[in-house]
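Participant: build the 3D model from these lines:
(chains A and B)
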Amino acid sequence: MTVFICKEQVDDIWCGIYEAWMSRLGHANVRLEPEGRNRELFCDYRQVETCAKKAAKVTDSIRNRLTEDIYELVYKAALSQDADRADRIYRFLIYAFHIGSRVTDMLQIPAVFEIFQINRNLNIEFNHMQGFTRFSQMEEGVLLGRIGPKNDLTALLANHFADRLSFENWILYDCTRMKAAVHRAGEGWIMVQADSAEWQNRLQKATDENEYELLWKTFCESIAIRERSNPRCQMNMLPLRFRPFMTEFQ
Amino acid sequence: MLIQEAMSIQQKLEILSDAAKYDVACTSSGVDRKGTGSGLGNTVGAGICHSFSADGRCISLLKILFTNQCIYDCKYCINRRSNDVVRTAFTPDEVCTLTMQFYRRNFIEGLFLSSGILYTADYTMELIYQTLYRLRNDHHFNGYIHVKAIPGASPELIDRIGFLADRMSVNLELPTAEGLRTLAPGKTRDKILVPMRQVQQGIAAQNRRFLEGGGRIRRLASYGMSNSPQHPGRNVWVPQDNPGQRNFVPAGQSTQMIVGATPENDYQMVRVAEALYQKFDLKRVFYSAFVRVNDDSNLPALPGGPPLLREHRLYQADWLLRFYGFQAAELLSEERPNFNILLDPKCDWALRHLELFPVEINKADYYTLLKVPGLGVKSAKRIAAARRQGVLNFADLKKLGVVLKRAVYFITCSGKTFQPFKLDENYITNQLIGAEQRKVWDIEHHSSYRQLSLFDDYKVTAPVTSADRQAVVSGAL
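Facilitator: As a prediction, this is how the structure comes out:
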């Protein structure tokens, strides 16, 4: 068994898949793993170097030889929280290139089902985050939204908010992955690594949010019907893990 | 009546959102609209829930009344003329600021604007129109707006508002004209249906114009009301080709009925809902469990709290009407006018029609699959797609998201049932109720969870004897 060790980002995963596939060792003899796992005996470990060219080759062949739908499936899988996502995508692509675009309906195949399940998990969280993300206004009218999703949703959310808040300056900051999508009014957005001291300093700066936060809290309290109070249902619909980031639960 | 003008916006928001909370609204089954590139906001057809309040209902829209002053004296309403509550009103600018600022911060999906009736219906509608006009044209707000059409307002005003709003609704309030007479003396059935018909015709006229202009109508949501599998989709116009020009009520119209304020039974409610879907092309009918906010001899006393289970069953039936191809007469009848407390309407229907079951998963058509308890629209679609690629068994069904707990009694995979059982109404009912009863308990006794106890629930009252003690100590149980 040859194990290819690749990093966490989407491009790293594409490169891992490229190296494993093109090693020509046979699909049954290769495996993809994230960094930091316990090593096994009788395994040959290779570190995968990331390079944009190889990543582009993988994505191009998925988009050209398969469909955009399948590309979306594996792209989302690559953003997911699943630790084994690189290997799962690899197993899925074996079937996908063999069967063609019909593969997405074949949930009987375990490899396809895994990808389907990963996507379902990610899509549900994405739907939640579209609603539960909260922005607050910093100086000069810049909106700052802090999120902490389990899946790496920053890019997907940034697309959503780029359409919705297209004439606002905003920063969408992922607290767990320390990265941010930065959007400029009327233009596009870019992803930046926000773990430097300068960034942290900027993000710490006070926001002028008392007025509308208070109004929003007032609204959330007065809109509930006391006779129907049902905290269990509220917890089902809005799990506790989202609440530290939400204005009305501060 | 004194309208307090010198209030802070926070006090106003508190009073006017509190007054609006009994109205039900939802952005789902709405409209997809991309951002315009010149304003703020877009809309998503499936709807987005932004928060959930303490009663577990979703907060999606800034739900407020324009004013809680009202000339009517509806018995069930907190804002009725004869109630002594603090009255206030927003100004159009205040509503605009709140909406824009909340929307920017992603607190809300849009605005839900209803109102008590200030002086006359036209006067109030004019104020609402002013608000919407400013929001759309001065603030370039492109998000979702749901607005109430006030019965009795002039058609010309409703028409103008329709081009600014995404969804309009007129509350039917009570399912029968008689109920309306007793509880809402100012309103009549005809007065309510007039604006509803107008909005319907406005939408139809727009669809015609669009088709004549060479447009294409996209089919959304399998809407099985017509009971003809050939025409499952309802025509929904998706305004994507001309983002600059506004459309007439693109997200359709909805209405709301109060459940349990008058003695109507479930059959009447469902029949009315069905008629509204068929004859008025409504997108949604909302049901609102009656909450007794006023002490009035005409209102029923509700010792057990609002009829939440009944509301839940009505919503379940509503989904069956809209997405599963059921008809009201199939679910209930004059002889059995109310829903089963212990079973959901679909299970209940299936148990009364065991001659149609079991259904073979690998062969049955989509519309037959939809009628199997435990199978929903999503899982039926997934089954229809997956079985084209290979034979499905029970393990596969679980993966596809089928609720096997209910479905096992009604399906076969390759001719075999999951386990041997008697295809008998009583037997299956008992099996299903075991699972269902807990849910009913949850809905009725929410927020009071406790562990089942042999002594409290099953009345085991045998005293502990010394032999028991010895057995426990020696471990010889």
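
Participant: the stretch 51-200 of chain B: strands as residue ranges?
Facilitator: B:51-52, B:58-59, B:61-65, B:87-88, B:110-114, B:144-148, B:167-169 (DSSP state E, counting those that start in this stretch).

Participant: how far off centre is the last one?
Facilitator: For strand B:167-169, the separation from the chain centroid amounts to 14 Å (computed by Cα atoms, centre = their mean, to the nearest Å).

Participant: pLDDT score for the residue of the stretch 251-400 of chain B found nearest chain A?
Facilitator: For the stretch 251-400 of chain B and chain A, the shortest gap (Cβ to the nearest Cβ) falls at B:Ala385, measuring 3.9 Å. Bear in mind the C-beta positions are built from the backbone N, C-alpha and C, glycine included. The score at B:Ala385 is 90. That number is its pLDDT.

Participant: in which helix or strand does it reside?
Facilitator: helix B:377-386 (DSSP states H and E).

Participant: quick one: list the elements packing against the very next helix or strand once past that helix.
Facilitator: Scanning forward in sequence from helix B:377-386 by DSSP H and E, the next helix or strand is helix B:394-400. Packed against helix B:394-400 by the contact rule (3 or more Cβ pairs under 8 Å, 6 or more residues apart in numbering or on different chains; DSSP states H and E) you find helix B:377-386, helix B:404-407.

Participant: quick one: the ones you listed as a markdown table, columns for distance to A:Ile223 and mean neighbour count too.
Facilitator: Formatted as a markdown table, the helices and strands packed on helix B:394-400 follow (distance: least, Cβ to Cβ, whole Å; neighbours: other Cβ atoms under 10 Å in any protein chain shown):
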| stretch | distance to A:Ile223 | mean neighbour count |
| --- | --- | --- |
| helix B:377-386 | 30 | 19 |
| helix B:404-407 | 34 | 18 |
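
Participant: quick check: phi and psi on A:Val3?
Facilitator: phi -110, psi 130 (degrees, to the nearest 10).

Participant: ends of stretch B:404-416, what's the gap?
Facilitator: Using Cα to Cα, to the nearest Å, the end-to-end distance of stretch B:404-416 comes out at 14 Å.

Participant: likewise stretch B:39-58?
Facilitator: 26 Å.

Participant: how far does that stretch sit from the chain's center?
Facilitator: Worked out by Cα atoms, centre = their mean, stretch B:39-58 lies 14 Å from the chain centre.

Participant: do the same with stretch A:76-91
Facilitator: 11 Å.

Participant: that one near chain B at all?
Facilitator: No - Stretch A:76-91 lies out of reach of chain B by Cβ under 8 Å from any Cβ of the partner chain, never closer than 15.0 Å.

Participant: check what contacts that stretch and list those residues.
Facilitator: Applying Cβ atoms under 8 Å, 6 or more residues apart in numbering or on different chains, the contact partners of stretch A:76-91 are A:6, A:10, A:13-14, A:16-17, A:20-21, A:27, A:30-34, A:74, A:92, A:111, A:114-115, A:118-119, A:121-123, A:150-153, A:155-156.

Participant: what about B:Ser29, how many neighbours?
Facilitator: Residues near B:Ser29, counting by other Cβ atoms under 10 Å in any protein chain shown, number 19.

Participant: can I take it that it is in a helix?
Facilitator: No - judged by DSSP: H, G, I helix; E, B strand; the rest coil, B:Ser29 forms no part of a helix; its state is coil.

Participant: and it, what is it in contact with?
Facilitator: By Cβ under 8 Å, 6+ apart, the neighbours of B:Ser29 are B:Gly45, B:Gly47, B:Ala221, B:Ala251, B:Gly252, B:Lys283, B:Arg284.

Participant: tell me the pLDDT at the residue in chain A that chain B sits nearest to?
Facilitator: Closest contact between chain A and chain B, by Cβ to the nearest Cβ, is at A:Cys233 (2.8 Å). Looking at A:Cys233, its pLDDT reads 91.

Participant: for the strand or helix carrying it, name the packing helices and strands.
Facilitator: Element membership of A:Cys233, judged by DSSP H and E, is helix A:231-237. In terms of contacts (3+ Cβ pairs under 8 Å, 6+ apart), helix A:231-237 is packed against strand B:51-52.

Participant: distance of the residue lying closest to the residue of the stretch 251-400 of chain B closest to chain A once chain neighbours are set aside from B:Phe394?
Facilitator: Computed as Cβ to Cβ, 6 or more residues apart in numbering or on different chains, the closest residue to B:Ala385 that is not its neighbour in sequence is A:Asp105, at 3.9 Å. The gap separating A:Asp105 from B:Phe394 is 19 Å, by Cβ to Cβ, to the nearest Å.

Participant: do A:Leu172 as well
Facilitator: 43 Å.

Participant: more crowded one of these two?
Facilitator: Between A:Leu172 and B:Phe394, counted using other Cβ under 10 Å, the more crowded position is A:Leu172 (28 against 19).

Participant: what about that one, which SS state?
Facilitator: Applying three-state DSSP: A:Leu172 is strand.

Participant: and the pLDDT for it?
Facilitator: Residue-level pLDDT assigned to A:Leu172 equals 94.

Participant: picking that back up, the residue of chain A closest to chain B contacts B:Ser53, correct?
Facilitator: No - with contacts counted by Cβ atoms under 8 Å, A:Cys233 stays clear of B:Ser53, the gap being 10.1 Å.

Participant: between the two, which is the more surrounded one?
Facilitator: Each of A:Cys233 and B:Ser53 has its neighbours counted (other Cβ under 10 Å); B:Ser53 has more, 23 against 19.

Participant: next one: that one from chain A, what distance?
Facilitator: As for B:Ser53, its distance to chain A is 4 Å (criterion: Cβ to the nearest Cβ, to the nearest Å).

Participant: and that residue, how far from B:Ala25?
Facilitator: Taken as Cβ to Cβ, the span from B:Ser53 to B:Ala25 is 13 Å.

Participant: same thing with A:Ile115?
Facilitator: For A:Ile115 relative to B:Ala25 (Cβ to Cβ), the value is 37 Å.

Participant: likewise B:Ile108?
Facilitator: Taking Cβ to Cβ, one finds B:Ile108 at 12 Å from B:Ala25.

Participant: how about the strands in chain A?
Facilitator: Under the criterion DSSP state E, chain A contains strands at A:2-6, A:30-34, A:44-47, A:135-137, A:143-147, A:170-174, A:179-183, A:189-193.
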